[in-house]
Structure formats: structure tokens, C-alpha cells
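Peer 1: Sharing a model that was predicted from the sequence below.
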Amino acid sequence: MKAKGIIVPILLIALVLSLTASLSVAAQQKDKKKEQAKQQEKVFIPKEVKSAIQEGLADRQGRQDIPVKIFQSLYLPARENFQVVFLMNIKNSALRFAPVTAVPAEAKAEKKGPQETPAQEAVEKQQASFSVFLQFNRLNDAGEPEVFKEVYVPANIQVPTAEFDPEKEDVYSVGYPLPFGHYLLAAAVTSVDLQQMGIAYHEFTIPDPSQFTKTLDTTPIFFVKQMDQMEAVEQRTIFHRGLFTYSVLKIVPNIEKVFQPGENLDIFFFIFGAQPNQSQQYDIEINFEIKQGEQSSIKWSAQTYNSPLISQPLPMKQTVRIKKGEEPERTEQRDLPAGSYTLVINILDKISQYTGVKTVELTVK
């Protein structure tokens, strides 16, 4: 099995190089903070929303007129910063979805007078419009939050009626670029008139890449259900349903880490601490293995990579030895049976000889 390169566009490799280069400019962070301080003077969060955020800040318990829960955050390298993605659950009915109707173009063309009303199309979509406010607070050495950045995200979500379940808690996401540090996010999802609010808090840390000089580590590891390439990078912050974006990629994550027999594990992460050679080329070797307890279920051949940004499909096929009676022994490829497993990831930087080990739990049903 060869390491997959198609799913990681050249643009993402450029992001890796820009992140590596940013290690040498860590000392310039003070100058950037001055610029960020000027940006903070702008107000992006209305006073009534800010007041509600402040009320729940101490115990991290906010209003839940619209039930919102941030259950996970991911971060990946971006130009001079990290793209941080926040995944949250929101019940569809709380967002007040309503049917969207449309008039066919041909019906509009046939309309001749004010008394004539063209027939409308059958309802095909449900739509919800609401507001999202993000307050990023940096936590100082005493653990006290200090406002770092405020962001306003107008949201407009459309769902095909055939796929819409008002009682379901769907996954929503929003991403934003941030420098390394220790943060507390206060996210407010509100009705357009600000009468209904759902406020959630999420503490997270982005590590300083310059600290990984003699060791290897990774960003949070996640599995991919589907990945598509967009025509261009999104130019503004967008609130998404069921997916998140990273550079030019549109990614549907496998949040539950549950797989059907025969599916691939499609894994995605970035390696901290890998060292390029004098030609700025990486030489990374990774051994992937699935274990059930202490027993090895699948062990793939070693994979090599020339980038610390890893996107790799792993077919869940076991090689089983079969012997019947006096027949010669033969091998057969079979799907990994249902059960709970651990994916073990052994990483070797062949340039520095540093190593790292990560594990991820998963389930086959």
C-alpha cells in the first residue's frame, strides 16, 4: 500500500512550510499583540449578548434558550496561525427552521398581470437564519480570562426537507485562525432579534510549535467520512452544518469513530517536531496497527511521507490463514469483524530519529 497523496493538495503542503517558517518568527509575537490590541477596540458582540456571556463565565454555565454544547475542538496548521475548529450539537427545532418555497423560472416568465399568481414549487428545503457570536478569551497564568478577540458570524443554514429531522441534534461547526495559547471560548447562538440565546463555553490549548525540538507530537487525530476540494479558500467565517472546512478542503468527520465492516479508516493529523533536511524535505515513517487488547488484528506495511501533514486511508482487511484437512494452507482477506479496537500509530522522523506514539479508540459495528 502506498502513502496517499491525492487527498492532500499542494496548497496544504505550502501551509506546512509556512508553519515551519513561523517557528523562526515566534519572537515577533509581541508586535502582533499590539496590532491585535487595536483590533480589540472594535465591538462585534452586542451588549446584551456580552452581558449574558459574562453572567455564566465564572462557572462556565450559560443560558440555554437554544440548547448548545461544544463537544470537541480540532486545530491544524494555517499561515502563521492555527485553524481551530469547534464542533457543537444543536437541536434543529431550537433554530426555528421553516419551509422555503420557490417560484419556477418558467412560471415567472409566464406571469402577465398583477392578478395572475404562478404556481409555486413543492417545498424542497428547510431554512434557519440566526446569529453566532464568538468571544475568545486568553487565560493568564492565574487562569483568569482576558478578552482576546470577538467575532460575529451571521448564519443561514438550508437542509433538504427529505433529510430534515426537527428532533435531531445535528453537528454544527465554526472555525477561526488563532495563534498558540491557552483559551476559553464563549460561543453564543442567538435568534436574529437576540431574544433567544444559547451560550456554551469551551476551554482549549494550542501548543507552541517551537517547543517541539526534541520530541514528536500530533494535533488531535480524527477520522474522515468524506473529503472534497473547494474551488477556493473561504474568505469569511462561515457556520456549517455536518462538516467543517480547512484551507480548500470540505471535511465530514467521523466523530463517533464507528465503522462498518469493509470501510476504510481515513485518518488526518499533523506532526509537531518533525525536522526537514537542508533541502527542506521531510522523511517520516509511520507504522499503523490495529489491536484488540494485546492481540494484533491488522498491521500495515510501513508508510513514508515527505510532509508532516498526514492524510491516509487504511483498509480494514485482515489476512487470515485457512487450512482444511490435508489441503495446503492458504491466506484470505476478510473484513475486520465487529468489536472494539485500538489504532496504534508509531511515528519515526528519519532525519532527527525522534519518535512518537499515539493511540485512537474505534469501533466496528
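Peer 2: Perfect, thanks for sending it.
Peer 1: secondary structure class for the residue at the greatest distance from the centre of the chain?
Peer 2: Here the chain reaches farthest from its C-alpha mean at residue 326, the gap being 53.1 Å by C-alpha atoms, centre = their mean. Secondary structure assignment for residue 326 (DSSP: H, G, I helix; E, B strand; the rest coil): coil.
Peer 1: Tell me the confidence at it?
Peer 2: On pLDDT, residue 326 comes in at 71.
Peer 1: Check which helices and strands whatever helix or strand residue 137 lives in is in contact with.
Peer 2: Using DSSP states H and E, residue 137 sits in strand 125-139. Here strand 125-139 touches helix 47-57, strand 98-100, strand 145-160, strand 169-178, strand 181-190, going by 3 or more C-beta pairs under 8 Å, 6 or more residues apart in numbering; DSSP states H and E. Where you see a C-beta, it was placed from the backbone N, CA and C, and this is true even at glycine.
Peer 1: how close does residue 336 get to residue 344?
Peer 2: Distance from residue 336 to residue 344, counting by C-beta to C-beta, to the nearest Å: 14 Å.
Peer 1: Compare these two and say which is more crowded by neighbours.
Peer 2: residue 336 (21 against 16; other C-beta atoms under 10 Å).
Peer 1: now for the helices and strands packed on strand 125-139, which one comes closest to residue 361?
Peer 2: For residue 361, the closest of the helices and strands packed on strand 125-139 is strand 169-178, at 19.3 Å, according to C-beta to C-beta.
Peer 1: ok, back up a step: how far out from the middle of the chain is the strand holding residue 137?
Peer 2: Here the centre of mass of C-alpha atoms in strand 125-139, compared against the chain's by C-alpha atoms, centre = their mean, to the nearest Å, lies 16 Å away.
Peer 1: what comes up buried for that strand?
Peer 2: Residues of strand 125-139 classed as buried by neighbour count (16 or more other C-beta atoms under 10 Å): 125-126, 128, 130-139.
Peer 1: between it and strand 181-190, how big is the angle?
Peer 2: Interaxial angle, strand 125-139 versus strand 181-190 (axes from the mean of the first three to the mean of the last three C-alpha atoms, to 10 degrees): 150 degrees.
Peer 1: Partner strands of strand 125-139, with direction?
Peer 2: Applying DSSP bridges, strand 125-139 is found paired with strand 98-100 (antiparallel), strand 145-160 (antiparallel), strand 181-190 (antiparallel).
Peer 1: I'd like these laid out as CSV, including mean neighbour count and mean pLDDT.
Peer 2: CSV is the format used below for the strands paired with strand 125-139 (neighbours: other C-beta atoms under 10 Å; pLDDT from 0 to 100):
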stretch, mean neighbour count, mean pLDDT
strand 98-100, 12, 92
strand 145-160, 16, 96
strand 181-190, 22, 98
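Peer 1: and of those, who's closest to residue 278?
Peer 2: Nearest of those to residue 278, taken as C-beta to C-beta: strand 181-190 at 31.7 Å.
Peer 1: Mind listing residues that contact that closest one?
Peer 2: 45, 49, 52-53, 56-57, 62, 66, 68, 70, 73, 86, 88, 90, 95, 130-139, 145, 148, 155, 174, 196-206 (C-beta atoms under 8 Å, 6 or more residues apart in numbering).
Peer 1: re the thing from before, and of the helices and strands packed on strand 125-139, who's closest to residue 289?
Peer 2: With C-beta to C-beta as the measure, strand 169-178 is the member of the helices and strands packed on strand 125-139 nearest residue 289 (29.3 Å).
Peer 1: Who are the contact partners of residue 363?
Peer 2: Shown in contact with residue 363 (C-beta under 8 Å, 6+ apart): 256-259, 339-341.
Peer 1: Just the buried ones from those, in ChimeraX syntax?
Peer 2: Typed into ChimeraX, the line below selects the buried ones among these, using 16+ other C-beta under 10 Å:
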select :257,259,341
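Peer 1: and which of the contacts of residue 363 is nearest residue 221?
Peer 2: For the contacts of residue 363, the closest approach to residue 221 (C-beta to C-beta) belongs to residue 257, at 9.9 Å.
Peer 1: My read is that that closest one contacts residue 364, right?
Peer 2: No: with contact defined as C-beta atoms under 8 Å, residue 257 does not reach residue 364; the gap is 10.1 Å.
Peer 1: So for these two, which residues contact both of them?
Peer 2: Shared contacts of residue 257 and residue 364 (C-beta under 8 Å, 6+ apart): none.
Peer 1: hmm, back to that, ok, so of the buried residues of strand 125-139, who is nearest residue 303?
Peer 2: Among these, and counting by C-beta to C-beta, the member closest to residue 303 is residue 136, at 36.2 Å.
Peer 1: wait, doesn't that closest one sit right on residue 174?
Peer 2: No: applying C-beta under 8 Å, one finds residue 136 not in contact with residue 174, separated by 11.7 Å.
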